[in-house]
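Q: Predicted model, plus sequence, below.
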There are 4 protein chains.
Amino acid sequence: MNKLQYGMVGGGPGSFIGDAHRRAINLDGKAQLAAGCFSRTYEKCLETGVELGIDPKRCYADYEEMARNEAGRLDYVVVVTPNVSHYPVCKAFLEAGIHVSCDKPLCLTPEQADELVALAREKDLLFMVTYTYTGHVTAKHIRDFIREGRLGKIRTVMAEYPQGWLAYEGEWGGRQGEWRCDPAQSGGVNCLGDLGTHVENIVSMMTGLKIKRVLAKLDKLVPGRVLDDNDVVLVEYEGGAVGSYWTTQVAIGRDNDLSVRIYGENGSIEWKQTECEKVLIVSRDGTLTERHRGNGGISADAAKYGRLPSGHNEGWLEAMANLYRSFMECISAKAEGFFTPEMIDFQTVEDGAEGVKFVHACLESNNRGNVWVDML
Amino acid sequence: MNKLQYGMVGGGPGSFIGDAHRRAINLDGKAQLAAGCFSRTYEKCLETGVELGIDPKRCYADYEEMARNEAGRLDYVVVVTPNVSHYPVCKAFLEAGIHVSCDKPLCLTPEQADELVALAREKDLLFMVTYTYTGHVTAKHIRDFIREGRLGKIRTVMAEYPQGWLAYEGEWGGRQGEWRCDPAQSGGVNCLGDLGTHVENIVSMMTGLKIKRVLAKLDKLVPGRVLDDNDVVLVEYEGGAVGSYWTTQVAIGRDNDLSVRIYGENGSIEWKQTECEKVLIVSRDGTLTERHRGNGGISADAAKYGRLPSGHNEGWLEAMANLYRSFMECISAKAEGFFTPEMIDFQTVEDGAEGVKFVHACLESNNRGNVWVDML
Amino acid sequence: MNKLQYGMVGGGPGSFIGDAHRRAINLDGKAQLAAGCFSRTYEKCLETGVELGIDPKRCYADYEEMARNEAGRLDYVVVVTPNVSHYPVCKAFLEAGIHVSCDKPLCLTPEQADELVALAREKDLLFMVTYTYTGHVTAKHIRDFIREGRLGKIRTVMAEYPQGWLAYEGEWGGRQGEWRCDPAQSGGVNCLGDLGTHVENIVSMMTGLKIKRVLAKLDKLVPGRVLDDNDVVLVEYEGGAVGSYWTTQVAIGRDNDLSVRIYGENGSIEWKQTECEKVLIVSRDGTLTERHRGNGGISADAAKYGRLPSGHNEGWLEAMANLYRSFMECISAKAEGFFTPEMIDFQTVEDGAEGVKFVHACLESNNRGNVWVDML
Amino acid sequence: MNKLQYGMVGGGPGSFIGDAHRRAINLDGKAQLAAGCFSRTYEKCLETGVELGIDPKRCYADYEEMARNEAGRLDYVVVVTPNVSHYPVCKAFLEAGIHVSCDKPLCLTPEQADELVALAREKDLLFMVTYTYTGHVTAKHIRDFIREGRLGKIRTVMAEYPQGWLAYEGEWGGRQGEWRCDPAQSGGVNCLGDLGTHVENIVSMMTGLKIKRVLAKLDKLVPGRVLDDNDVVLVEYEGGAVGSYWTTQVAIGRDNDLSVRIYGENGSIEWKQTECEKVLIVSRDGTLTERHRGNGGISADAAKYGRLPSGHNEGWLEAMANLYRSFMECISAKAEGFFTPEMIDFQTVEDGAEGVKFVHACLESNNRGNVWVDML
């Protein structure tokens, strides 16, 4: 077995998301971390590198140097820096001909997004944006269920993502919160960029609906916040369905409560990330049925990602690992010459670009007084 | 024990709400139905009257005749007709000097509402609008909890009321749905008038927040509907809090799922009507605590309405009966000369008028393309 | 409409269960309380009687006098005294030719039970034992579902009824607890008589299974208790199924959490009294389906008892009222000459006798060191 | 970073538990699989070995050969064979001086268990028995909460572990079920050995209670089973508390529903494995509080095992990984000379021996007609 070799930019001490990507990749044991630019100084970077068993020569303080040096040696790079640097880092590695996995949101502006899309296509590289929640078996099952037309025409989607960790005046949620609430690092939105993009993406992935226009209201509810911490977005989709998305960081008691409810002419689907092992399906006659990952009734394309029997809880890391499973299968297939686009079962740079445009449209709507703004 | 004597307008065969009011009043055995105008023909009215044990002479085909004849004989009247006739019926009984209990929504226009408010004051009569859900012990507890300042300043309110019974194209939900979906009987709104007013009212009752302005989007999602069946209303309250209300009749699988979530600077409250015996309270440190009706920790002003020990479920009829308990105590107190306004523990004509103005503002917002409209 | 006339023995000031029976009967407005022996002194009895609007001449300090005087005047009597007096009171009214509704447990000894069964048959009188929980629409649905063979052969039943109100050393749960914990008033068992009989009965009603033998362990866990407060009973049914019943009063945090889980060869049923509006049905392939009272899929013989649309919670009083609905329909039918035993949809004196024999067998098992004891 | 080197016995194609141990160990990236005897033939063993990247020379068809050859090269061995071979395999590796991690149940007889305990002590080797569920952060929190005396004296414990996968006549649950239902491979008990030992162990771990005696009823409910598939065990603990354990494989609809409820004089704890991220704590006044992994209020000794923020679900693999975290820390500490027994935060060979004796006592109780049997 030859493990894939990957590098990482970001993910130094105290980074939740870098550590999480590494663990998720470990879970299947198919790839090995071989190089990294974990922090901005060589000393700090080396510290992490040594702890992770990386050759000091492959620890970098400069991601551009890393991209140049590692071209041809890495199978892919994982980008887990604060939002503001996603664009230049991804660009550097694409230019070096390395497949990219970047945490969401993809970048800050629609222009950057279009450029990354174009560059990935031009270089014929795989580019995953790690919207973790789309990796859940149950999320994939919902996608397949809807694709098969089981809900009929979708009428309305109610999605939300409440958290409570930034509800406290004068507190900034530690290091994680500090960069998110800082316009310079997060890119001008906080809650919408962090949570709203998850909501936009998972609804899109599950339903296949395209957003036509949005009406957004971004609020700063905690005294002292300079960026939004509570947002509602009204949505109209192509084809006549409507939706409403709520995201917040002030809902004391809610840890990380992404949920999606989809109502169609022939039934409904309700899904909660905190109960990610099950999905509630309501049929046209109102019968409520609960399906569990690992049991019958889950679509084959979703069920194949399960690692444990039903009732043996899989969670967030498995969802992330599922993204990497498909990403790495595609990388291997590309290397061996039998890759086809149908193999892609992860969110791509195009999906990431949609997210950036969603944020952009919402900002414009809010700035203009909560009016309807068309998606690009 | 002298039971209070009450009359009823509406509540003939097939009426859910008339039967429900009668059962709720029966629950405590403090009042007796003595007269009625249950249907529009004397024969049908008499049929109901006989079944309910009413003197045929006190069965009426004409509510105005009933109001005139029963003046001085009835302690109060219950108005449970379709929305469109609430106004004239209530007016007739107020003019006859009879206390009124009217189902929500109060009436169709702000002008009618103002007139009823003025008339009730002029005649010094009690006027209850039966927003059933405000009768729950847990709803009253939340009100008291917030009044005491336990949540601190409220930041955001998320309330919703999904139902699924009108989700089916070509079906109108039987007799109940037919009049609601008919502009002539319901008064130009369906979902917003039926469910939206409940949401507006219970949030107001629980939080004490006053709505400053609304931005409403009323949709007709089921092909063939002429009135709204799915609504979202963005709300700004006086003092800076914001909210979002969702009501629908197309959520297949949701029976009657009113819920209110209130997030303040010092904690949160979450409440579901379908689990009306409990309330979730989150304190500032994120600790989730569940309180049950009938146990300690429920405010005395709420707990006194309980009829059964904890764990012996009370439900919808008890909530309605709680409204009547206070209403009838006030009527008796008024008769005996010791009534004070502080005794009122039910939603009044003034609250009902707020609901009418809310609907009016939402309609205007929607008609003008989902713009902000100030409450009157 | 002629209301049925009923009397009550027990149910004086502070009695939870007497008040509850009266309210439940009120709910449908088909009967009127006309006589009572609420307390043991005439003064106290009269006090309650006046409050309830009863003619002072029909208030009694002596239930035997009441039985004699009210013979031919009352349609039925409700017996809600402490357990120890159920037997003599019921006997007196049966001998007076009056139909009886008695709270559970029926009486203290199998001999008393057999005598009451024989007397009711001899006098051709209706005799209801008010096992409240069997009145729930969902409980009736489970009975019908199983009767139709939908679960196939039942294999195991797990039922429990934890409460926490008697968990506190030195406290006796107020007046309710005092008589239950007093051997002289409760009849030698506390938890088993109060809760265990509910469990035995509802399992029997739902499944139709007959108990062959029991192995019981009755414990006194709170220091100072002289009667059992935590019991486990292993059960073998005729036909090979097995079960286990747990009842307790020391489960701090559990209000009144009767639940029944039934596992058959073709699926399962799970039911919780605290969520009495729904039932979980699992089919052979493991699909979990939730059914709600008021929606489709509930058996017609159960659904007919609903008073409110789905999602408008019915609770404990409705369950009790459902028992009375059938009881009173049978009384009226008997009076009018068209009664047949198939009309009975409540638990009878025979069911009550089973409960007494269950308690008796459990006590013997426990006293002999937790050995198997055959049911009589 | 030097990764620990480990070997595995068992875990060939189709083995759920071997794959699970490998993934759990991968999660933290601190150890490397270096040798294995995955199957009984060299060809099959090699096939797995190659897939896992192991040197063919370190693939073995014979575990005794492996133990001899790998002595001094492996830091520890993982034993994941069917129950019947746990004893000889563990013994061989202990004799070779290699630390052992063995899946539960430890072995088949109390004599074997005592021998393994003695051998591990004699050789001064670490010996973990992987009772996965004890690895959950919430399980550790409960242990700490009780140790601190927060529940006061424990009165009763209700624990259960229902599964439904072996409910079907003529089906044996695939390869997993076949060996479990085969007396020759499982060691004479099926459900009790698989699930009952989990229950016995986690209750012991959480509460610290020692079992004094048991009364067990083991049933074979599915026609054709030769071993137990539904068991109830009554338990008396030293100090006066009582308990009841239920385990089954016939509960259609239940995937893997281990739960423990602990009632003490000052409150209660309720925990469900399927909702392993939270714990319900009830205080003496009946207040129900829910605590989430990752939030405040979790004991420091438990919280330190969390890898993700609250609301980002951890599951079964994390629980298993937590056992290995402590096991490997102890191994490293032993190698470096600073190990102390207080560092052990996993279930040991002594705990495993308790489980074997529990099974033995239950079998004896059942064979003698469900009588009380003292624990050894």
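A: Cool, got the structure. Since the structure is predicted, the reported quantities are computational estimates derived from the model, not experimental observations.
Q: which stretches of the stretch 151-300 of chain A form helices?
A: Assigned by DSSP state H, counting those that start in this stretch, the stretch 151-300 of chain A shows helices spanning A:174-180, A:183-186, A:191, A:197-207, A:300-303.
Q: Show the subsequent helix or strand relative to the top helix by length along chain A.
A: Looking across chain A with DSSP state H, the single longest helix is helix A:316-336. Moving toward the C-terminus from helix A:316-336, the next helix or strand (DSSP states H and E) is helix A:349-367.
Q: partner strands of the next helix or strand after that following helix, parallel or antiparallel?
A: Counting by DSSP H and E, the next helix or strand C-terminal to helix A:349-367 is strand A:373-374. Paired neighbours of strand A:373-374 in the sheet (DSSP bridges): strand A:211-219 (antiparallel).
Q: Please could you give me each C-alpha atom of the strand it pairs with, formatted as PDB?
A: Extracted in PDB, the C-alpha atoms of strand A:211-219 (Å, rounded to 0.1, in the frame of the first residue of the first chain):
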ATOM      1  CA  ILE A 211     -30.700  30.400  -5.500                       C
ATOM      2  CA  LYS A 212     -32.200  33.100  -7.700                       C
ATOM      3  CA  ARG A 213     -32.200  36.000  -5.300                       C
ATOM      4  CA  VAL A 214     -31.700  36.800  -1.600                       C
ATOM      5  CA  LEU A 215     -32.900  39.300   1.000                       C
ATOM      6  CA  ALA A 216     -30.600  39.400   3.900                       C
ATOM      7  CA  LYS A 217     -30.600  41.000   7.300                       C
ATOM      8  CA  LEU A 218     -27.300  40.900   9.100                       C
ATOM      9  CA  ASP A 219     -27.300  42.100  12.700                       C
END
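Q: pretty sure A:F327 contacts A:F127?
A: No. Counting by CB atoms under 8 Å, A:F327 stays clear of A:F127, with 9.5 Å between them. (C-beta placed from N, C-alpha, C; glycine too.)
Q: before we move on, back to that, which helices and strands sit right next to the longest helix of chain A?
A: Counting contacts by 3 or more CB pairs under 8 Å, 6 or more residues apart in numbering or on different chains; DSSP states H and E, helix A:316-336 packs against strand A:4-10, helix A:16-28, strand A:76-80, strand A:99-103, strand A:127-130, helix A:137-147, helix D:316-336.
Q: swap the cut-off to 6 Å and go again
A: helix A:16-28 (3 or more CB pairs under 6 Å, 6 or more residues apart in numbering or on different chains; DSSP states H and E).
Q: The residue sitting furthest away from the middle of chain A and C:E238, how far apart?
A: Using CA atoms, centre = their mean, the residue of chain A lying farthest from its centre is A:D285. It sits 34.7 Å away. Separation of A:D285 from C:E238 (CB to CB, to the nearest Å): 37 Å.
Q: now do A:A24
A: The value you get for A:A24 to C:E238, if CB to CB is used, is 55 Å.
Q: Which one's more surrounded, those two?
A: A count of neighbours by other CB atoms under 10 Å in any protein chain shown puts A:A24 above the other of A:A24 and C:E238, at 24 against 11.
Q: angle of the helix or strand hosting A:A120 against strand A:99-103?
A: Per DSSP H and E, A:A120 falls inside helix A:110-123. Calculated by axes from the mean of the first three to the mean of the last three CA atoms, to 10 degrees, helix A:110-123 forms an angle of 150 degrees with strand A:99-103.
Q: mind listing what's buried in the longest helix of chain A?
A: A:316-331, A:334 (16 or more other CB atoms under 10 Å in any protein chain shown).
Q: what mean pLDDT would you report for it?
A: Helix A:316-336 carries an average pLDDT of 98.
Q: relative to strand A:99-103, how tilted is that helix?
A: Angle, helix A:316-336 to strand A:99-103, by the same axes, to 10 degrees: 160 degrees.
Q: ok, the closest residue to A:L126 other than its chain neighbours - contacts?
A: Among residues not flanking A:L126 along the chain, A:H99 sits closest, at 4.4 Å (CB to CB, 6 or more residues apart in numbering or on different chains). A:H99 is in contact with A:Y76, A:L125, A:L126, A:I331, counting by CB atoms under 6 Å, 6 or more residues apart in numbering or on different chains.
Q: re earlier: measure the residue farthest from the centre of chain A to chain D for me?
A: Relative to chain D, A:D285 is positioned 21 Å away (CB to the nearest CB, to the nearest Å).
Q: wait, isn't that residue in contact with C:N295?
A: No. Judged on CB atoms under 6 Å, A:D285 makes no contact with C:N295 at a distance of 8.3 Å.
Q: follow-up on the earlier one: the contacts of A:H99 into CSV, with extra columns for distance to D:D229?
A: Shown next, in CSV, are the contacts of A:H99 (distance: CB to CB, whole Å):
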residue, distance to D:D229
A:Y76, 48
A:L125, 54
A:L126, 49
A:I331, 46
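Q: and which of the residues you listed is nearest B:G352?
A: A:L126 (60.8 Å; CB to CB).
Q: Surely that closest one touches A:S332?
A: No. Under the criterion of CB under 6 Å, A:L126 is not in contact with A:S332, lying 10.7 Å apart.
Q: which residues does A:V9 form a beta bridge with?
A: Counting by DSSP bridges, A:V9 forms beta bridges with A:C37, A:V79.
Q: surely it meets A:V79?
A: Yes. Judged on CB under 6 Å, A:V9 makes contact with A:V79 at a distance of 5.1 Å.
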